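Take this sequence and fold it.
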Amino acid sequence: MEVERVQAIVSSPLTQDNIPIEFIRPEDERPATTTFRGPTPDIPVIDFSDPDQENVIRSMAHASAHWGIFQVVNHGVPSDLIQRLQLVGWEFFDLPQEEKEVYAKPPGAASIEGYGSKLGRDVNGKKNWADHLFHRIWPTTRINYQFWPKNPPSYREVNEEYAQEMRKVVDKLFVLLSMGLGLEADALKQGAGGEEIEYLMKINYYPPCPRPDLTLGVPAHTDLSALTVLVPNQVPGLQVFKDGLWIDAKYIPGALVVHIGDQIEILSNGKYKAVLHRTTVDKERTRMSWPVFLEPPAEFVVGPLPQLADPPKYKHKKFKDYSYCKLNKLPQ
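Coordinates of the predicted model:
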């Protein structure tokens, strides 16, 4: 076993009123003391059905420059497909522990794919109150079905269908974001890897926590992806750092939450900002989310697009090298 799973820790009698010390965050990271409780603006909402396309482009560009995050409604992904995606994810995490461990990330593996409880290095040695399942869903040449659960039986069918719907949404996002920078419609997509862009599905599982005031599901970070397109469940938890404050993201049923990631910030030479965000957990309920990370191929070099790089604010770097530095907390 890679580490003791958080889902297993929850059932231990030792955690009825407290949590192991390795999950307790430093004082300046604890949600109880750092979450802003006053009135705050809501994360921008983009309506794909708005007939005024120029308004959609302007709104998305403004959200990407000032927030780094927005929610998309009327995006075209069938609501019943989203519900089935959530159901098969829930059913996987409901399996007996030994059955989930069949899909565990192999010890020492370079890839992040598989069932696990930890990704990057934490400089304080702290752990996150979360387990996850990670695997590629596109392109088909990059899929390793070893990490796709065979139970529930419909898991593969649902994820393949969702991948096709995601591709439509992602292509539209890239076009609108490119046009918002005054670029050709395919500029950002090509700059991030074109048709070779990899789609990585991650299911985050945040079990109930006896002390949600002391821990985090995921600490503050920006995504190393180009874009992240996320479906949450109805349990709140996503927080965004805006104007020096940690604020709660409003849950909008059926919406897709879009994060600007590091690679789009680099490609846009800082005009669009990668969103700093974190996840809190709930005392009574399980929170889950289904982010799809859009990442360049490992050997693909990403840097500021020449149309925007006067002067360039970021280095050109292979994505695999950027990822290694980010996950190991090394300078870029």
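
Pretty sure residue 322 sits in a helix.
Yes - counting by DSSP: H, G, I helix; E, B strand; the rest coil, residue 322 falls inside a helix.

next SSE after the helix ranked longest in the chain?
With DSSP state H setting the assignment, residue counts place helix 155-180 as the longest helix in the chain. Using DSSP states H and E, the helix or strand that follows helix 155-180 towards the C-terminus is helix 187-191.

ok, residue 77 - contacts?
162, 165, 166, 169, 256 (CB atoms under 8 Å, 6 or more residues apart in numbering). Where C-beta positions appear, they are placed from N, C-alpha and C, glycine not excepted.

follow-up on the earlier one: which other helices and strands contact the longest helix of the chain?
helix 53-66, helix 79-93, strand 131-138, helix 187-191, strand 198-206, strand 227-232 (3 or more CB pairs under 8 Å, 6 or more residues apart in numbering; DSSP states H and E).

and which of the contacts of residue 77 is nearest to residue 326?
The shortest approach to residue 326 among those belongs to residue 166, at 23.1 Å (CB to CB).

List the contacts of residue 246.
So, once contact is read as CB under 8 Å, 6+ apart, residue 246 ends up touching 31, 34, 35, 36, 239, 240, 278.

Secondary structure element for residue 234, which one?
Applying DSSP H and E, one finds residue 234 in no helix or strand.

what sits against the nearest residue to it once chain neighbours are set aside?
The shortest distance from residue 234 to any residue other than its chain neighbours is 6.0 Å, reached at residue 251 (CB to CB, 6 or more residues apart in numbering). When contacts are counted by CB under 8 Å, 6+ apart, residue 251 touches 232, 234, 236.

Next one: residue 229 from residue 268, what distance?
Here the distance between residue 229 and residue 268 works out to 18 Å (CB to CB, to the nearest Å).

Looking at these two, which one has more neighbours?
residue 268 (28 against 22; other CB atoms under 10 Å).

my read: residue 175 touches residue 184, true?
No - counting by CB atoms under 8 Å, residue 175 does not reach residue 184; the two are 9.5 Å apart.

isn't residue 148 right next to residue 155, touching?
Yes - taking contact to mean CB under 8 Å, the distance of 6.4 Å between residue 148 and residue 155 places them in contact.

Mutual contacts of the two, please.
With CB under 8 Å, 6+ apart, residue 148 and residue 155 have no common neighbours.
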